[in-house]
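# This is a predicted model, with the sequence first.
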Amino acid sequence: MAMANQMSQNFQQPQQQAQAAPAAAAPPPPPPQAAYHLAVNGQTLGPYDMNALRQQVSSGTLKRETLVWKQGMSGWTAASEVAELSGLFGAMPPPPPPPMP
């Protein structure tokens with residue numbers, strides 16, 4: 001009888017482990033989206049995620065010189081100086097050379 005109980009327990013243990021394995025193999029949750037605030041005309045707008053910031057660039061509300069802030073930043077910073085946002089503005093050519101005499 002003891003031997004039958006031991007065999008039964010040994011059989012149930014792998015089944016329980018197999019049932020627990022899929023839950024442990026679940027992917028981690030996605031990282032939280034950055035939420036930026038904008039300083040526009042003396043008002044604070046936002047928070048905006050990256051998709052909303054793209055729309056703000058398209059509408060002209062968010063410009064390179066617009067001050068932005070998100071949690072973890074020490075203070076307001078121009079959007080063009082934030083590495084995560086610099087790609088929103090595309091490549092900007094350097095100023096033209098001075099005219100030739």
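Structure received. Numbers count the residues shown, from 1 in each chain.
# any weak-confidence spans in the protein?
1-24, 92-93 (pLDDT under 70).
# 50 instead, please
18 (pLDDT under 50).
# Distance check, the residue positioned nearest the centre of the chain against residue 101.
With distances taken as C-alpha atoms, centre = their mean, the residue of the chain nearest its centroid is residue 33 (3.3 Å). Residue 33 sits 53 Å away from residue 101, taking C-beta to C-beta, to the nearest Å as the criterion. Glycine gets a C-beta too; all of them are placed from N, C-alpha and C.
# what's the answer for residue 51, then?
Separation of residue 51 from residue 101 (C-beta to C-beta): 49 Å.
# Residue 59 now?
Relative to residue 101, residue 59 is positioned 42 Å away (criterion: C-beta to C-beta).
# Name the residue in those two with the higher neighbour count.
Each of residue 59 and residue 101 has its neighbours counted (other C-beta atoms under 10 Å); residue 59 has more, 8 against 3.
# Quick check: that one vs residue 53, distance?
From residue 59 across to residue 53, the span is 11 Å (C-beta to C-beta).
# Mind jotting down where the helices sit in the chain?
According to DSSP state H, the chain carries its helices in the segments 2-24, 50-59, 83-86.
# which residues touch stretch 62-76?
Here stretch 62-76 makes contact (C-beta atoms under 8 Å, 6 or more residues apart in numbering) with 34-40, 47, 53, 56-57, 77-80, 82, 85, 88-89, 92.
# Pull out the buried residues from it.
For stretch 62-76, the neighbour count (16 or more other C-beta atoms under 10 Å) marks 62, 66, 68, 69, 70 as buried.
# Adding distance to residue 28, write the residues you listed out as CSV.
Compiled in CSV, those are given as follows (distance: C-beta to C-beta, whole Å):
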residue, distance to residue 28
62, 31
66, 33
68, 28
69, 28
70, 22
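# from those, which is closest to residue 25?
residue 70 (32.8 Å; C-beta to C-beta).
# any idea how far that closest one lies from residue 43?
Per C-beta to C-beta, residue 70 is found 17 Å from residue 43.
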